[in-house]
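# attaching a predicted model along with its sequence, questions to come.
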Amino acid sequence: MSGTVDKKGPGAPFLHVAVGVIWQQGKVLLSRRASHQHQGDKWEFPGGKLEAGETVLEALQRELTEELAITVQNAQPLMEVRHRYPEREVLLDIWLVDAFSGEPHGVEGQAVQWFAASELDTLSFPDANQPIVERVMQLV
Ligand SMILES: Nc1nc2c([nH]c(=O)n2[C@@H]2O[C@H](COP(=O)(O)OP(=O)(O)OP(=O)(O)O)[C@@H](O)[C@H]2O)c(=O)[nH]1
Ligand SMILES: [Mg+2]
């Protein structure tokens, strides 16, 4: 499966998304989605859609470099979440990133912030993220 080419259902785009839970000493790094994006203004785990021919890990590495200017040094699969929004369906392929190089910042102008895992349930996330938030809060 890759990016935007797969379809599921009558005309509904099906997106395969590589997502990073960037984890350091009980804290997790989140980005804020831009207003104009799908699920705008909500906090997200950084990542993005697979491009044709990419593995999930390759997409994760590319997206975290593009969005945060970091290089992933170690990542392992954490969980997968499928969610159907009214306008699209997503398969979030979530990886725990526990080693990286570089100083993360919002390359695309987005807000980027470290949060304690215990604070995550006070933030507004895309609807698909509820199971991820629950899992990450148990990592501590
Ligand atoms: N990165 C990311 N995407 C998420 C999360 N939760 C969630 O529902 N999504 C959805 O996954 C889809 C793809 O993510 P994206 O918008 O980051 O993709 P991208 O970086 O390739 O963006 P672009 O289309 O602006 O190039 C969006 O529909 C987004 O709403 C999340 O925690 N992180
Ligand atoms: Mg993205």
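In hand now; what should we look at? Ligands and ions are numbered 1, 2, ... in the order given.
# from Gln138, how far off is Ala18?
Distance, Ala18 to Gln138, using CB to CB, to the nearest Å: 22 Å. For glycine as for every other residue, the C-beta is placed from the backbone atoms N, C-alpha and C.
# higher neighbour count, these two?
Legend: neighbour count by other CB atoms under 10 Å for Ala18 and Gln138, higher for Ala18 (26 against 8).
# what helix or strand does that one sit in?
Here Ala18, judged by DSSP states H and E, is contained in strand 14-24.
# can you name the next helix or strand after that strand?
strand 27-32.
# contacts for that following strand, please.
Residues from elsewhere that reach strand 27-32, judged by CB atoms under 8 Å, 6 or more residues apart in numbering: 21-22, 41-46, 67-68, 104, 106, 110-117, 120, 123, 136.
# which residues in the chain form strands?
Listed in chain order, the strands of the chain (DSSP state E) span 14-24, 27-32, 43-44, 47-49, 71-84, 89-101, 112-116.
# thinking again about what came up before, just the CA trace of the strand holding Ala18, in CSV.
Output of strand 14-24 as CSV, limited to C-alpha atoms (Å, rounded to 0.1, in the frame of the first residue of the first chain):
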residue,chain,number,x,y,z
PHE,A,14,-7.4,5.8,1.5
LEU,A,15,-4.2,7.2,3.0
HIS,A,16,-1.3,5.2,4.5
VAL,A,17,0.4,7.5,6.9
ALA,A,18,3.8,7.0,8.7
VAL,A,19,3.5,8.5,12.2
GLY,A,20,6.3,9.1,14.8
VAL,A,21,5.9,9.1,18.6
ILE,A,22,9.1,10.9,19.3
TRP,A,23,10.0,9.9,22.8
GLN,A,24,12.6,11.3,25.2
